[in-house]
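**Q** below are the sequence and a predicted model; questions follow.
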Amino acid sequence: MLTFEQKQAIIESFPQLTRKEISMKRLNYHFDGSQYEKKIVIEKLHPNGNGFVYVGDLLRYKADDRGLVNIRDFSEQELREIIEDSLTYLSEVDEVVPEVRIEQSWRNRNDDQLLLVEEDPFWNVYHGFNLEESFGTQDDAENYLYSEGFKPSKK
């Protein structure tokens, strides 16, 4: 088991972390570059060697319900890896994937228009802003439209 001083030296080798002294001679280490509200990477590092590292919901670690892992018995390699993983986790911003939405205009002989819209997990048929029908698959929705005398509009 690493001593308090050894853990402190390892942690302080990460220039991204800022030491903050708290009660009972314990230390917290903050990551000001965090992309999230969570800024504390190492919590309550105690002179007895106990302490916690924040890993959120990373599956690699068995964290408590607050996303913390106890580092009391960690080796130097394990401590370095978990700190690197925490910093990476707090640095990454979830990419917003644009929603792909399929919309098709359908018309009948009278030039009435219906709109077929994919809205996960359904395929909905709209008349203006009003929902006309809802289907589980695109084929079911298209079969309904054909049976009602509608065809896809030409672009």
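**A** That came in fine, so what should we check first? Just so it is clear, the structure is predicted and the values come from calculations on it, not from any experiment. Numbering: from 1, shown residues only.
**Q** what segments of this structure are helices?
**A** For the chain, the helices defined by DSSP state H cover 4-11, 76-91, 138-147.
**Q** need those in a markdown table with mean pLDDT and mean neighbour count, can you?
**A** Where you see a C-beta, it was placed from the backbone N, CA and C, and this is true even at glycine. Conversion of the helices of the chain to a markdown table gives the following (pLDDT from 0 to 100; neighbours: other CB atoms under 10 Å):
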| stretch | mean pLDDT | mean neighbour count |
| --- | --- | --- |
| helix 4-11 | 96 | 16 |
| helix 76-91 | 95 | 16 |
| helix 138-147 | 95 | 15 |
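**Q** do you know which of those helices lies nearest Tyr36?
**A** helix 76-91 (5.9 Å; CB to CB).
**Q** residues near Gly49, how many?
**A** Using other CB atoms under 10 Å, the number of residues around Gly49 comes to 17.
**Q** now do Ile40
**A** 19.
**Q** give me the distance between it and His30.
**A** Distance of Ile40 to His30, given as CB to CB, to the nearest Å: 6 Å.
**Q** what's near enough to touch the residue lying closest to Glu132 once chain neighbours are set aside?
**A** Among residues not flanking Glu132 along the chain, Val125 sits closest, at 4.4 Å (CB to CB, 6 or more residues apart in numbering). Counting by CB atoms under 8 Å, 6 or more residues apart in numbering, Val125 makes contact with 114-117, 131-135, 141, 144-145.
**Q** of these, which belong to strands?
**A** Under the assignment DSSP state E, those contribute 114-117, 131-135 to strands.
**Q** which of the helices of the chain sits closest to Arg107?
**A** Of these, the one closest to Arg107 (CB to CB) turns out to be helix 138-147, at 9.9 Å.
**Q** next one: that closest one to chain centre, how far?
**A** 36 Å (CA atoms, centre = their mean, to the nearest Å).
**Q** same question for stretch 80-90.
**A** On CA atoms, centre = their mean, the centre of stretch 80-90 falls 16 Å from that of its chain.
**Q** show me the shaky parts of this protein.
**A** Residues of the chain meeting the criterion pLDDT under 70: 94-100, 155.
**Q** one more time with 80, if that's ok
**A** 93-102, 154-155 (pLDDT under 80).
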